[in-house]
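In: Build me a structure from this.
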Amino acid sequence: MISIVLDTNVFVAGLRSAGGASRAVLRMIFGGHLQPLFGNALWMEYQDLLSRPVWGDATTGDERQQVLAALARQGRWVTVYYGWRPNLPDEGDNHLIELALAGGAQAIVTHNLRDLRGGDLRLGNLRVLTPAQCLEEWT
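Out: So this is what the prediction gives:
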């Protein structure tokens, strides 16, 4: 199975849109083709986003929590023991690189390519892909 780090912006876009690449990536996760990796910082971001008042009345808080629980069942928890600090433009994104490296992810799937590719640390084989690029690569 292909291990990925699913950035919160893709998770939210996939929940808010009935179609599109972000929703297709979520379908690949729920279908068992991709395995999301979770760490403390990312999990807290998911939970925080689901409680924000940006969702309107299309879904209830309980429905969003059910989706998060389903995502958890498909994923793997990773404990990050070492802080790599790749010096990304947004310090708040560093944990995504750390999680990906600690968990052996093949890619970080995000809409934020510019910031995640801009650090000082060379990432070896770790790729940073948009949802569309992820689909091109693994479907």
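
In: what sits against residue 9?
Out: 110, 111, 112 (CB atoms under 8 Å, 6 or more residues apart in numbering). Heads up, the C-betas are built off the backbone N, CA and C, glycines and all.

In: That one: helix or strand, and which one exactly?
Out: According to DSSP states H and E, residue 9 maps onto helix 8-16.

In: helices and strands around the helix or strand following that helix, which ones?
Out: Sequence-wise, the next helix or strand downstream of helix 8-16 (DSSP H and E) is helix 20-30. Contact analysis of helix 20-30 by 3 or more CB pairs under 8 Å, 6 or more residues apart in numbering; DSSP states H and E lists helix 8-16, strand 34-38, helix 61-74, helix 131-138 as its packing neighbours.

In: Can I get these in CSV including mean pLDDT and distance to residue 94?
Out: Formatted as CSV, the helices and strands packed on helix 20-30 follow (pLDDT from 0 to 100; distance: least, CB to CB, whole Å):
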stretch, mean pLDDT, distance to residue 94
helix 8-16, 90, 14
strand 34-38, 98, 15
helix 61-74, 91, 22
helix 131-138, 96, 21
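
In: Where in this protein is the helix or strand with the lowest mean pLDDT?
Out: The helix or strand of the chain with the lowest confidence, counting by mean pLDDT, DSSP states H and E, is helix 113-116 at a mean of 69.

In: contacting residues around the residue nearest to residue 10 when sequence neighbours are not counted?
Out: In this structure, residue 10 finds its nearest non-sequential neighbour in residue 22, 4.9 Å apart by CB to CB, 6 or more residues apart in numbering. Counting by CB under 8 Å, 6+ apart, residue 22 touches 10, 11, 13, 14, 111, 131.
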